[in-house]
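*Asks:* Sequence first, predicted coordinates after that:
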Amino acid sequence: MIEKDQAAKRAAKLRAGIDEANYRYYVLDNPVLSDAEYDRLLRELQALEARFPDLVTPESPTQRVGAAPRAAGAAV
């Protein structure tokens, strides 16, 4: 059974990894994770936050949709 301090460390690591994956996918157009691996990490973070609700932060990937749009979009 995972302790709260271990859960907090794992949640922080998951958030950082998911944020990096989002940046590389949406901004750099250079994905580093498969969709299945990304989904697995996100589900693990969701489970930790469900078990320890005080670990939820406004910046958590579970609290937002997508990432910032790329700056190099085509003009319409």
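*Replies:* That came through, no problem.
*Asks:* Show the pLDDT at residue 65.
*Replies:* pLDDT recorded at residue 65 is 72.
*Asks:* residues near it, how many?
*Replies:* Using other Cβ atoms under 10 Å, residue 65 has 5 other residues around it. Heads up, the C-betas are built off the backbone N, CA and C, glycines and all.
*Asks:* what's the answer for residue 15, then?
*Replies:* Residue 15: 19 neighbours (other Cβ under 10 Å).
*Asks:* Next up, the contacts around the spatially most central residue of the chain.
*Replies:* With distances taken as Cα atoms, centre = their mean, residue 18 lies nearest the centre of the chain, 3.1 Å away. Contacts for residue 18 (Cβ atoms under 8 Å, 6 or more residues apart in numbering) come out as 38, 41-42, 45, 61.
*Asks:* Same question for residue 10.
*Replies:* Contact analysis of residue 10 by Cβ under 8 Å, 6+ apart lists 2, 44, 48.
*Asks:* Which of the helices or strands spans it?
*Replies:* Residue 10 belongs to helix 4-22 when assigned by DSSP states H and E.
*Asks:* do the same with residue 37
*Replies:* Going by DSSP H and E, residue 37 is in helix 35-51.
*Asks:* for the record, mean pLDDT for the helix holding residue 10?
*Replies:* Computed over helix 4-22, the average pLDDT equals 96.
*Asks:* how big is the angle separating it from helix 35-51?
*Replies:* On the basis of axes from the mean of the first three to the mean of the last three Cα atoms, to 10 degrees, helix 4-22 is oriented at 150 degrees to helix 35-51.
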